[in-house]
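> With the input below, show me the fold.
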Amino acid sequence: MRRYLFIYLNFLAAALVFPQNKELETVATVRLTKTEAITVKQLKNEVDTLEKATGRSLNAEERREVLNSMINQRLALQAADRDHVTVSDSEVNQRINETKSQLAAQLGRAPSDSEFADAIKRQTGMDLPSFREQYRKQLVVQKYLLEKKRDLFQNTKPPTDDEIKKFYSKNSSEFVQPETVEFSVIIVPWKTDSEKASARSEANKLSKEIGGNASTFDEKVLQGRVPNVSYRAAANQLLQRNSKQWPDSFLDTVFNLEQGKVSSLIEVNTDMVKGFFIIKATGKYPQKLLGIDDVILNVPPEWQVQLQGRPLTVRMYIQEGLSVQKQQEVVLKAQEELIAELRKGNPFSVVEQNLNF
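Numbers count the residues shown, from 1 in each chain. Model prediction:
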C-alpha cells in the first residue's frame, strides 16, 4: 500500500508542476543579432491583457497576431541595439509626464503618485516600473522607425485648406454644440453615510454665509482652491444638457439658473459623486450648428495640454484629425517596410504546438 501511495504522490506532484513548466517553454525564438526566447508565459500575459481590454477571448488567429507583434518588437529592438539607437531617461520621463498631464486634465488637478500608478494599473494591468520599461521599448522602436524611414515621414504633407473645407462640408452636421452652461462650483463631498451629516452641516454653513451673494460666492471659490480646506471649488466648468453623468434633477437646477445667480444647496448622490453643491452660472450657450471657424466649448481632455488655454476651433480640430490620419497611414507603410526588411532570412522560429495553451 505504501508503494502505491508513493507512486500516486509522485504522479500528483508531476501533474502540479507540469503547467508551470509548460509556461516556461519557448513559443518563439528571435535571433537577428542574438538568441532571444519568447516563452508561453510571456505570450499568455500579452493575450490576457488584450482579452481584459476587449472583454472577450482571442481566437487562434488573433493569438498568432499577438505573437507576431512580439516577434516584430524584439527584431526591432535588436536592430536598434545593433545600430546604437537608444532613448534617454529624460525622454522616457517626458512621455510619462505627458501621460500624467492627460490624467490631470481629466481630474482637473495634478494626480498624486499613487493615483497615477493606480490609473496605469487599471488601464494596462502593469505596475508603474513595468509600464515605464514597456514605454521605453516602444520609444526605442519608434525612434528606430523614424531614423530608418526618415524620407517617408519628411515627405508627409499637412492637410490643405481645400481638404479641410471638403471634410467639413461632408460632416458639418456632426459639429453640433449642445446646450451648454458654464459655471463655478463649491462642493462639500462625502463618501459614507456617517460623513453625510457633517458634510451637510458644513454645506449649510457655507450656503448661509454666501446668502446668494455672487461676490461672496467668488471669494469662497478662491478660498476653496488652497490646501486643507473642508470643501472643493472650481471655476469655468462646462456642462452639456445631454450629459449622462449627472441626475436630471441636477441638470434641471443648473440649466434653469439665471446667469450670474447663485443656487441654493443641491444634493448629489450617485455611484460616482456624493456631495453638496452650490453653483453659480457664469455663461449660457444655446444649441447650435458650429461653423468651420467657431470655437468648440467642451475641449476634449487630450487637447487641453496641447492648447494650454487657447481656444479650439472646428477648423483646428479637423486639421489635426486629418494630420493624424495622414501620419497613421505613413506609420503603417513605414512599419510594413521595416518589418519586411527585418524578417528577411527568417531570423526567428515558432514552436507551433506551444501556441495552444
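
> ok, which stretches of the stretch 151-300 of the chain are helices?
Assigned by DSSP state H, counting those that start in this stretch, the stretch 151-300 of the chain shows helices spanning 161-171, 193-210, 214-223, 248-256.

> Pipe the ones you listed into JSON lines and attach distance to Ala110 per row.
Backbone N, C-alpha and C define where each C-beta goes, glycine included. Formatted as JSON lines, those follow (distance: least, CB to CB, whole Å):
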{"stretch": "helix 161-171", "distance to Ala110": "35"}
{"stretch": "helix 193-210", "distance to Ala110": "24"}
{"stretch": "helix 214-223", "distance to Ala110": "19"}
{"stretch": "helix 248-256", "distance to Ala110": "27"}
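
> Can you tell me which of those helices is nearest to Arg64?
For the helices of the stretch 151-300 of the chain, the distance to Arg64 is smallest for helix 161-171, at 36.7 Å, taking CB to CB.

> helices or strands up against that closest one?
helix 314-342 (3 or more CB pairs under 8 Å, 6 or more residues apart in numbering; DSSP states H and E).

> elements contacting the helix it packs on?
If you count contacts as 3+ CB pairs under 8 Å, 6+ apart, helix 314-342 packs onto helix 60-82, helix 128-148, helix 150-154, helix 161-171.

> Could you tell me the angle between that helix and helix 60-82?
Counting by axes from the mean of the first three to the mean of the last three CA atoms, to 10 degrees, helix 314-342 lies at 80 degrees to helix 60-82.

> tell me the mean pLDDT over the following helix or strand past helix 314-342?
Later in the chain than helix 314-342, the nearest helix or strand by DSSP states H and E is strand 348-350. Mean pLDDT, strand 348-350: 96.

> Around Asp293, how many other residues sit close by?
Neighbourhood size, Asp293 [other CB atoms under 10 Å]: 10.

> how close does it get to Glu302?
The spacing between Asp293 and Glu302, counted by CB to CB, to the nearest Å, is 22 Å.

> so where's this structure shaky on pLDDT?
Residues of the chain meeting the criterion pLDDT under 70: 1-20, 301, 305.

> Tell me which of the helices and strands packed on helix 314-342 sits nearest to Leu265.
Judged by CB to CB, the one of these that comes nearest to Leu265 is helix 128-148, at 40.1 Å.

> what does the closest one contact?
Residues from elsewhere that reach helix 128-148 (CB atoms under 8 Å, 6 or more residues apart in numbering): 73, 76-77, 79-80, 83, 85-87, 91-92, 95-96, 116-117, 120, 124, 126, 153, 331, 334-335, 338.

> Tell me the buried residues within those residues.
Buried members of the contacts of helix 128-148, scored by 16 or more other CB atoms under 10 Å, are 73, 76-77, 79-80, 85, 87, 92, 95-96, 116-117, 120, 124, 126, 331, 334, 338.

> rewinding a little: distance to Val27 added to the helices and strands packed on helix 314-342, as a markdown table?
A markdown table is the format used below for the helices and strands packed on helix 314-342 (distance: least, CB to CB, whole Å):
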| stretch | distance to Val27 |
| --- | --- |
| helix 60-82 | 7 |
| helix 128-148 | 19 |
| helix 150-154 | 32 |
| helix 161-171 | 44 |
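
> Quick one: closest of these to Lys100.
Of the helices and strands packed on helix 314-342, nearest to Lys100 by CB to CB is helix 128-148, at 10.7 Å.
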